[in-house]
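Chemist: coordinates only, sequence not included:
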């Protein structure tokens with residue numbers, strides 16, 4: 001079963017419909033899935049899931065990234081994780097990365113720079129973020145745009161992050177993650 005974690009500040013705001021429900025709609029035909037707000041998730045209950053996806057949020061919603069300690073359990077979680085936008089930012093913070101200013105809104109041309117099982121080559125993706133991630137040494141950069149690092153992977157574990165929103169335009173990336 002896959003856990004989709006809602007990183008929005010409030011439970012079930014407009015952001016849920018925009019950022020969380022579309023992820024769940026891609027996952028549900030492939031595998032059972034549960035959605036939970038980040039305040040409901042701990043290391044104990046996260047361990048019951050085969051994979052975890054951390055959602056994105058609205059541009060000015062910093063609740064999750066202002067509370068990276070709530071996600072310390074990710075250091076011990078042993079199964080695959082995909083962080084989307086704010087989810088990538090949270091993953092980065094948990095593993096010692098810094099957030100940087102990097103604004104992109106709308107369609108963005110992405111260039112793959114390292115082989116990976118989620119995507120390849122050049123592609124267009126929908127971006128909506130004001131901050132990016134300057135990855136720590138535990139991450140490999142998988143993709144870039146002209147402005148930002150667009151994707152990272154933990155060097156030793158199946159922990160991925162993407163700054164763009166595959167639930168909007170590149171749903172095959174979520175399907176590829178589910179099939180890992």
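Modeler: That came through fine. Source: prediction; values computed, not measured. Numbering: from 1, shown residues only.
Chemist: flag the helix or strand of this protein with the lowest per-element mean pLDDT.
Modeler: Scoring the helices and strands of the chain by mean pLDDT, DSSP states H and E places helix 14-15 at the bottom, with a mean of 81.
Chemist: mind giving me the packing neighbours of that helix?
Modeler: Applying 3 or more CB pairs under 8 Å, 6 or more residues apart in numbering; DSSP states H and E, we find helix 14-15 packed against no helix or strand. Every residue, glycine included, has its C-beta placed from N, CA and C.
Chemist: which residues does that helix contact?
Modeler: Residues outside helix 14-15 that contact it (CB atoms under 8 Å, 6 or more residues apart in numbering) are 8-9, 57-58, 61.
Chemist: past that helix, which element shows up next along the chain?
Modeler: helix 21-27 (DSSP states H and E).
Chemist: can you tell me which of the contacts of helix 14-15 is closest to residue 70?
Modeler: Closest approach to residue 70 among these (CB to CB): residue 9, at 12.6 Å.
Chemist: wait, is that closest one part of a helix?
Modeler: No. Residue 9: not assigned to a helix; according to DSSP: H, G, I helix; E, B strand; the rest coil it is coil.
Chemist: all the strands of the chain, residue numbers only.
Modeler: 2-6, 33-37, 51-54, 81-84, 98-112, 122-134, 139-144, 149-154, 159-162 (DSSP state E).
Chemist: looking at the ones you listed, which one is packed in the most?
Modeler: strand 81-84 (a mean of 28; mean count of other CB atoms under 10 Å).
Chemist: identify the neighbouring strands of that strand in the sheet and state each direction.
Modeler: strand 51-54 (parallel), strand 159-162 (parallel) (DSSP bridges).
Chemist: which ones are touching residue 136?
Modeler: Contacts for residue 136 (CB under 8 Å, 6+ apart) come out as 92, 95-98.
Chemist: turn the strands paired with strand 81-84 into JSON lines, including mean pLDDT.
Modeler: Converted to JSON lines, the strands paired with strand 81-84 look like this (pLDDT from 0 to 100):
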{"stretch": "strand 51-54", "mean pLDDT": "98"}
{"stretch": "strand 159-162", "mean pLDDT": "98"}
